[in-house]
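**Student:** next input, structure requested:
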Amino acid sequence: MTQSQNLGQIMSKNVVSVEPNQSLQEAAALMEQHNLGALPVVQNGKLMGILTDRDITLRSTAHGKDGHTQCSECMTSAIISGRPDMEVHEAATMMGKNQIRRLPVVENDQLVGMIALGDFATNNIYANEAGQALSSISVPSNPQNPGNL
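**Tutor:** Numbers count the residues shown, from 1 in each chain. Modelled structure (predicted):
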């Protein structure tokens, strides 16, 4: 039987982040440079929010804002996070329940890492957890008028 691991053992520790006052253009350039879909928004090591490519599209571009808009204006500030000592299965379950693909890992109020569904999937031990979380995340929404699809 395989011993369970915790997030601290498999999380990415070199996390690319932005500060709340940085521009969306700077954030988008970092996303492109590092091939990321989300960046934690951090101030003095403390996690303030998370900014996704979807946030930029829906909270900025869709409302006519430009690349000079600050990250703090478009980030998601209601953050779901994990702890380094959290078991992988618990984290995957939480990600599925909250329909999130990336989980910041926080210890002593400081960002210490990130975990993504892909991190579970690339480790065969956790492929089942990744699949379960993804199936929860990928539940289709119920459109108001499905007849026009």
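
**Student:** from here on, contacts and neighbour counts on C-alpha atoms
**Tutor:** Will do.

**Student:** any low-confidence regions in the chain?
**Tutor:** For the chain, the stretches flagged by pLDDT under 70 are 1-3, 121-149.

**Student:** swap in 50 and give it another go.
**Tutor:** For the chain, the stretches with pLDDT under 50 are 1, 125, 127, 130, 137, 141-149.

**Student:** and the strands in it?
**Tutor:** Here the chain has its strands, by DSSP state E, at 38-43, 46-52, 102-107, 110-116.

**Student:** tabulate those (CSV), appending distance to S81 and mean neighbour count.
**Tutor:** Compiled in CSV, the strands of the chain are given as follows (distance: least, C-alpha to C-alpha, whole Å; neighbours: other C-alpha atoms under 10 Å):
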stretch, distance to S81, mean neighbour count
strand 38-43, 11, 22
strand 46-52, 9, 22
strand 102-107, 5, 21
strand 110-116, 9, 22
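
**Student:** how about stretch 75-94, which residues are buried there?
**Tutor:** 75-76, 81-84, 87-89, 91-94 (16 or more other C-alpha atoms under 10 Å).

**Student:** do the same with stretch 15-31
**Tutor:** Neighbour-count burial for stretch 15-31, counted by 16+ other C-alpha under 10 Å, picks out 16-20, 22-28, 30-31.

**Student:** what does that stretch rub up against?
**Tutor:** Identification of contacts with stretch 15-31 by C-alpha atoms under 8 Å, 6 or more residues apart in numbering yields 36-43, 48, 53, 56, 66-72, 112-114.

**Student:** try 7 Å this time
**Tutor:** 37, 39-43, 67-72, 113-114 (C-alpha atoms under 7 Å, 6 or more residues apart in numbering).

**Student:** quick one, what contacts the residue nearest the centre of the chain?
**Tutor:** With distances taken as C-alpha atoms, centre = their mean, R102 lies nearest the centre of the chain, 2.9 Å away. R102 makes contact with 115-117 under the criterion C-alpha under 7 Å, 6+ apart.

**Student:** appreciated, that's everything.
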